[in-house]
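Undergrad: Below are the sequence and a predicted model; questions follow.
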Amino acid sequence: MVVLCNNTVLADKVGLADSFFSRFKGLMGRKQLYGGEGLLLMNCPSVHSFFMKISIDAVYLSRDMTVVGVETLPPWHVGRRIKGTAHVLELAVGAALVSVGDALQIRK
């Protein structure tokens, strides 16, 4: 899956976590997240980085894929609870080149 913002590719190797188990597993066990890689957690209003070995950029999204918040999450932390969050896009640190209000496009 490819994620774009303003017709610019944010990530082109994005996995989809749309079940309880896939959201629960998330990026646990990953030793590195390469440029272009990410994970889109559907129907997931908050995230944590427990049991993770890497830091991530978390992009909080509304139901219509509008950015409602962004933060960098180091291992063993709980992400912020941001009103209006329906989904979360997890990317490599520094890859979340978006601002609140930006609309993301998802291409399969």
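TA: Yep, it's here. This one's a predicted model, so the numbers in the text were calculated from it and none came from an experiment. Numbering: from 1, shown residues only.

Undergrad: What segments of the protein are helices?
TA: Using DSSP state H, the helices found in the chain span residues 20-25.

Undergrad: Quick check, central residue of it?
TA: Leu89 (1.7 Å; Cα atoms, centre = their mean).

Undergrad: pretty sure that one is touching Ala58, no?
TA: Yes: judged on Cβ atoms under 8 Å, Leu89 makes contact with Ala58 at a distance of 7.5 Å. Any C-beta I mention is one placed from the backbone N, CA and C, and that applies to glycine too.

Undergrad: what do the two both touch?
TA: Residues touching both Leu89 and Ala58 (Cβ atoms under 8 Å, 6 or more residues apart in numbering) are Ala96.

Undergrad: What pLDDT is listed against Gly84?
TA: Looking at Gly84, its pLDDT reads 97.

Undergrad: That one touches Asp64, doesn't it?
TA: No: taking contacts as Cβ under 8 Å, Gly84 lies outside contact range of Asp64: 10.2 Å.

Undergrad: packing partners for the helix or strand of the chain with the lowest mean pLDDT?
TA: Sorting the helices and strands of the chain by mean pLDDT, DSSP states H and E puts helix 20-25 at the bottom, at a mean of 88. Here helix 20-25 touches strand 13-17, going by 3 or more Cβ pairs under 8 Å, 6 or more residues apart in numbering; DSSP states H and E.

Undergrad: neighbouring contacts of the strand it packs on?
TA: 1-3, 22-23, 25-26, 34, 36-42, 44, 89.

Undergrad: tell me which residues in that strand are buried?
TA: For strand 13-17, the neighbour count (16 or more other Cβ atoms under 10 Å) marks 14-15, 17 as buried.
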